[in-house]
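Trainee: Fold the following for me, if possible:
(chains A, B, C and D)
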Number of protein chains: 4
Amino acid sequence: MAEPVGVAVVGASGYAARELIQILLRHPGVKIAMATSRQDERLDALHPSLASRIDLACEPFDADRMAERCKFAFLGLPHTASMAIVPSLRERGVKVIDLSADYRLADAQVYEDWYGHAHTDAAGLGEAVYGLPELFRDAIPPAGLIANPGCYTSTSILALAPLVAEDLIDRKSIVIDAKSGVSGAGRSPKLTTHFPECNESLSAYNVGRHRHTPEIDQVLTTVARDGDPVEVIFTPHLIPMDRGIFATIYASPKGPAVEHDLIELYRSFYADSPFVRVVTHLPGTKDSAYTNFCDITVRVVRGRILVLACLDNLIKGASGVAVQNLNLMLGVPETTALL
Amino acid sequence: MAEPVGVAVVGASGYAARELIQILLRHPGVKIAMATSRQDERLDALHPSLASRIDLACEPFDADRMAERCKFAFLGLPHTASMAIVPSLRERGVKVIDLSADYRLADAQVYEDWYGHAHTDAAGLGEAVYGLPELFRDAIPPAGLIANPGCYTSTSILALAPLVAEDLIDRKSIVIDAKSGVSGAGRSPKLTTHFPECNESLSAYNVGRHRHTPEIDQVLTTVARDGDPVEVIFTPHLIPMDRGIFATIYASPKGPAVEHDLIELYRSFYADSPFVRVVTHLPGTKDSAYTNFCDITVRVVRGRILVLACLDNLIKGASGVAVQNLNLMLGVPETTALL
Amino acid sequence: MAEPVGVAVVGASGYAARELIQILLRHPGVKIAMATSRQDERLDALHPSLASRIDLACEPFDADRMAERCKFAFLGLPHTASMAIVPSLRERGVKVIDLSADYRLADAQVYEDWYGHAHTDAAGLGEAVYGLPELFRDAIPPAGLIANPGCYTSTSILALAPLVAEDLIDRKSIVIDAKSGVSGAGRSPKLTTHFPECNESLSAYNVGRHRHTPEIDQVLTTVARDGDPVEVIFTPHLIPMDRGIFATIYASPKGPAVEHDLIELYRSFYADSPFVRVVTHLPGTKDSAYTNFCDITVRVVRGRILVLACLDNLIKGASGVAVQNLNLMLGVPETTALL
Amino acid sequence: MAEPVGVAVVGASGYAARELIQILLRHPGVKIAMATSRQDERLDALHPSLASRIDLACEPFDADRMAERCKFAFLGLPHTASMAIVPSLRERGVKVIDLSADYRLADAQVYEDWYGHAHTDAAGLGEAVYGLPELFRDAIPPAGLIANPGCYTSTSILALAPLVAEDLIDRKSIVIDAKSGVSGAGRSPKLTTHFPECNESLSAYNVGRHRHTPEIDQVLTTVARDGDPVEVIFTPHLIPMDRGIFATIYASPKGPAVEHDLIELYRSFYADSPFVRVVTHLPGTKDSAYTNFCDITVRVVRGRILVLACLDNLIKGASGVAVQNLNLMLGVPETTALL
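Mentor: Numbers count the residues shown, from 1 in each chain, chains lettered A, B, ... in the order given. Predicted structure coming up:
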């Protein structure tokens, strides 16, 4: 491999950024050349687990300096913060992999409806490619701006794409009962994620109004190809564990459903996707925790199709898929630094 | 209150038995006069938390001695073990509250289909009353044999009964996505409940074949009254927490559904049930942990009705409802020892 | 029992206050007549677990109204906030059980040294009785102001008092390695108690400077009676569990130490203390969780004495002992509402 | 790097073996050529997390076949099982890295005293090198049999070695209060590690008789060089988390102790050890979880020296240090596959 390319981590204080840095430190093709954070600290002060691993202090964001040193920027910012800086990076030729929600929804109005802010970067929206390699592998290498998918979204879409692509299910029948570890809520302390509140407890939240809903609808509708929209019922739950997302998905088949055939369909659909493991046992989130794998299985119960899927929300649901996208853009093997 | 009546705890080594003993120790109307266990030990050796609370050693089961000392026996035995001793107790006039599954299914053939054993006590099956006070409050006081409901079952039935009783939903559309703390799996060590296996993990189990399924079907069909059967899709999940069951339930309404009206329906339905709390916020299992309450709320999402319900599997799902039944049989306030 | 006496819960939003309310709701001799909180809400909005249990809204603090309705006030306030209102309550004849640290240290200078604030209520300091019933049972009934002990403090003192009272150990040799569940850190969200930070992790904190240190020193020096000061090394650790304190204590005996004799000494020392359980097995925090018990055992290892003690930090370490104190002041059995 | 050398994993069903396999799969210099287990299954059936990572079925142990394919064997067996097969491997020239306790104690009598079995392989005992690279880095490359250290042992020894080597502390004053995650107890289900027993609880175990005690004594006495024995008080505790060991160590200095000087001593002592991180903040186990690092800091409190150290029991405490030893024996960088 040639000289490592410089990459930037913007918004380095969060959990996904920490995981991303750990993956990038194993990547032979890149060098973390810049990190930014509102907290003006060394990376190993923000993340003690990085002690002795990287000798770099965060700087304030500066597009010029970033463009000098970096070909790629990973954005680990809250929504609206990403779209405020993406234009300045794209102008300077920096390729962006955005882990926020800002470029995931193709329609600016849908963004405004669900996020409560007008979208301010129409050009970016037009340029952005949805960064789910298993579905859009060919569009990613030439892209300049990647909208990295949401964690619930990746789980749900990977679990449903084969059924929707083959038009096997009623698109209004889909129920996604999703469960997430607490790291999915980010690193800012809140009462709901205060240990004595959420430990030893389970609750649903944002029922009927979680922002990953329109993202799932949009991408699955794209997968369906005929324009007839997918509209899911999506219910997220907070689980007292660090990481992992589990989706239990229920859908009504259009015709008779046979478990074995469905497993074969999934295997064939993901034959070229090294990070999707179609299994026959019932997977647990621990099997894919700390990895970039998504585990999926299918069952038929009383005529209904159940898909059970899980992945690590911080890796396959954020930082890992970001590096998968990077690898595709770099033209190196998709699995580089991810096994 | 008069002289306390003697009660027995049969199968005292399990978790539900331990909770039951703790509740009974607060009950002014009863005295634990006998306890049995395969392990021939003092109760506080089996359960160190009972140290200084009760001075009683377990004995082998003996129906005669039990009948001498006790008017009531709580059975905390595995299925098939209960029906092996219930006849001997009933013959001697001991009233039985059975926490196992042996008398829950009215049809012996259904029992055999799901539990893999022939039922050996037809008389008991005929006598047994299903011990869910919120639905069968009038049948319990005169009963001699109570089939205490399963923990998933109570959660699911309490959550669905108002909708089914009012015939508001399609009975084949019901999906129950249920989540349980690990104490629900009992006290016998197994690999799946070994801490490093299930901690920090979430998985589904017994998909499509959990034994609480026919129990839910049966009781809801009874609630429906017109004989048209309820047939649910029930998916249990193991959650890394000690106790608590949470059910997220999806059903298709027969007509337009209005959230506010449904909440009112539930409030009215449970107006006389002191342990059902119909709430408007999204409840967490922690709110009802270590109590005999079942918390329920309702939402309408994209035309589907969602019911979210939770309770403590060891108390409202086992020992607490057992004492509720006892209270009804004793003619004392239903809440005695349970607040 | 006569007409219940009115009690107030001041600072009702915290965890210890919630536990206190739950205990008081079971207490036949009292009625919660007033609750205050900066959050002007109903108690069951602050604490969803109290739904249907109590119909009371928090009010702003007002000494006159409190004195009208209440004979006792429990203060669940941060330090310095307690001493700001205690004088107004005492003037009006309200007896106070203060769960903060404000009246625990007899010497105002020591308070200032460790808490960084001058003490503003010398009269209160003079009046206050240290509310550890196992050691000061006779001083509590007539008291008007109780300084409820700290949670680490109670654990440590109960574990060491017999050894110190009998002058069996070198008072400079004591090492207290203490472990606490996260509820001990209170209910305000902070990064250190954010679930994904402290879950699945263990760390020490405030090494050499935890504020319970001078409290332990002071009380044990009192127990020693000869004035020769006890000076402990105290190291607290944060444990990924909700509740429970465990202290592993090491001390050098002045003469040969025999395990069996020490157990007997402890049994005799606590013979009249219903909430101290001297056990011979190694206790776990779960055995005393959700109870008012403190479990203690003793070992001799390579000539050193080890005392292992645990209790529930929110109950025996805060709300439960507060009610023990109340019971002594009311002249009702010490165990009322606590079993 | 040349052709990868074949390695065997003997006893592949445990947690340390699983971690070892994951590390070895990243190692460019080795190939897992054989795995054995009493369970005759594929590795990914034993460990679902290995799905799609390795295509290998366990075989019964056979020294000849192992010698044909493998230059190194890692033994993840219970004690006594290792010494039953090591001679057959050494005769055939296979180098052994033994993760059991069988070759850690130099004196066969001490082994018998603590493990209750006579030692049956005197030759192996004579040949074995204690595999803690930070202390015995020069002895490891030429060794044929490595006794991989215990997890508590590594933590304790790394924390104390600088103080003992420099003769700064009273060797009879050392108290090691150690805390371990539950994976340290192995993968066989037991009541004590059944989730509802150990979750949300903390207890001490094997007080005064844990088998890592003589191992710590022996190695630290070696470090001391003058023959005057180290004799520690070692108290292990079970913590409700998956992985991580934390040791809080107390020792009396021979002279005045200055925190800053001690930190410098530690930094200098471990200057050439890439996996020991001497830090100034108080570390948490999570910082080193899933890594091969050991984090250490030092404090002086009331004249006593406190050392706080932590590491991941399955990696730095078992599989990771095993690969460190392998790397030294292969002559490749010590950090290969470990960052």
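
Trainee: Flag every residue of the stretch 51-200 of chain A that's near chain D.
Mentor: Taking CB under 8 Å from any CB of the partner chain as the contact definition, the stretch 51-200 of chain A meets chain D at A:51, A:52, A:53, A:200. Where you see a C-beta, it was placed from the backbone N, CA and C, and this is true even at glycine.

Trainee: Most neighbours among those residues, please name it.
Mentor: Neighbour counts for these (other CB atoms under 10 Å in any protein chain shown) peak at residue A:200, which has 24 neighbours.

Trainee: Checking my notes, that residue in a strand, right?
Mentor: No. Residue A:200: not assigned to a strand; according to DSSP: H, G, I helix; E, B strand; the rest coil it is coil.

Trainee: That one - nearest residue in space that isn't next to it in sequence?
Mentor: Nearest residue to residue A:200 in three dimensions, chain neighbours excluded: residue B:241, at 4.6 Å (CB to CB, 6 or more residues apart in numbering or on different chains).

Trainee: Check what pLDDT residue A:39 gets.
Mentor: On pLDDT, residue A:39 comes in at 83.

Trainee: That one contacts residue A:57, correct?
Mentor: No. The pair residue A:39 / residue A:57 is not scored as a contact, 10.5 Å apart, by CB atoms under 8 Å.

Trainee: Next, see if stretch A:323-338 gets close to chain D.
Mentor: No. Against chain D, stretch A:323-338 shows no contacts by CB under 8 Å from any CB, the least distance being 10.3 Å.

Trainee: how about that stretch: buried residues?
Mentor: Buried positions in stretch A:323-338, judged by neighbour count with 16 or more other CB atoms under 10 Å in any protein chain shown: A:323-330, A:332, A:334, A:336-338.

Trainee: quick one: which of these is nearest to residue A:5?
Mentor: Proximity of the buried residues of stretch A:323-338 to residue A:5 (CB to CB) peaks at residue A:330, which lies at 7.2 Å.

Trainee: Tell me where chain A has helices.
Mentor: For chain A, the helices defined by DSSP state H occupy A:15-25, A:43-46, A:63-69, A:81-91, A:108-115, A:122-127, A:133-136, A:151-165, A:195-198, A:212-224, A:259-269, A:285-288, A:320-330.

Trainee: so which of these comes closest to residue B:160?
Mentor: helix A:212-224 (24.7 Å).

Trainee: now what about that closest one, what contacts it?
Mentor: A:101, A:104-107, A:110, A:113-114, A:130, A:132, A:135, A:149-153, A:156-157, A:160-161, A:164-165, A:167, A:171, A:176, A:227-232, A:234, A:236 (CB atoms under 8 Å, 6 or more residues apart in numbering or on different chains).

Trainee: what's the angle between it and helix A:151-165?
Mentor: Computed by axes from the mean of the first three to the mean of the last three CA atoms, to 10 degrees, the angle separating helix A:212-224 from helix A:151-165 equals 30 degrees.

Trainee: Now a ChimeraX select for only the buried ones of the contacts of helix A:212-224.
Mentor: Filtering the contacts of helix A:212-224 down to the buried ones (16+ other CB under 10 Å) takes a single ChimeraX command:
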select /A:101,104,105,106,110,114,130,132,135,149,150,151,152,153,156,157,160,161,164,171,176,230,231,232,234,236
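
Trainee: Give me the subset of the contacts of helix A:212-224 that also touch chain B.
Mentor: Among those, chain B is touched by residue A:231 when using CB under 8 Å from any CB.

Trainee: how far away is the closest residue to residue A:64 other than its chain neighbours from residue B:324?
Mentor: Nearest non-adjacent residue to residue A:64, counting by CB to CB, 6+ apart: residue A:92, 7.1 Å away. Distance of residue A:92 to residue B:324, computed by CB to CB, to the nearest Å: 70 Å.

Trainee: if we can go back for a sec, Serialize the buried residues of stretch A:323-338 to CSV and add fields for pLDDT and distance to residue B:43.
Mentor: Output for the buried residues of stretch A:323-338, formatted as CSV (pLDDT from 0 to 100; distance: CB to CB, whole Å):
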residue, pLDDT, distance to residue B:43
A:323, 98, 56
A:324, 98, 57
A:325, 98, 60
A:326, 98, 61
A:327, 98, 61
A:328, 98, 63
A:329, 98, 66
A:330, 98, 66
A:332, 98, 64
A:334, 98, 60
A:336, 98, 60
A:337, 98, 56
A:338, 98, 54
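
Trainee: ok, so of these, who is nearest chain C?
Mentor: residue A:323 (21.0 Å; CB to the nearest CB).

Trainee: quick one: contacts for the residue nearest to the closest one when sequence neighbours are not counted?
Mentor: Computed as CB to CB, 6+ apart, the closest residue to residue A:323 that is not its neighbour in sequence is residue A:23, at 5.2 Å. Counting by CB under 8 Å, 6+ apart, residue A:23 makes contact with A:315, A:319, A:320, A:323, A:337, A:338.

Trainee: how about a cut-off of 6 Å?
Mentor: Contacts for residue A:23 (CB atoms under 6 Å, 6 or more residues apart in numbering or on different chains) come out as A:319, A:323, A:337.

Trainee: gap between residue A:10 and residue C:191?
Mentor: Distance, residue A:10 to residue C:191, by CB to CB: 21 Å.

Trainee: more neighbours, the two?
Mentor: Using other CB under 10 Å as the criterion, residue A:10 and residue C:191 rank with residue A:10 on top: 26 against 11.
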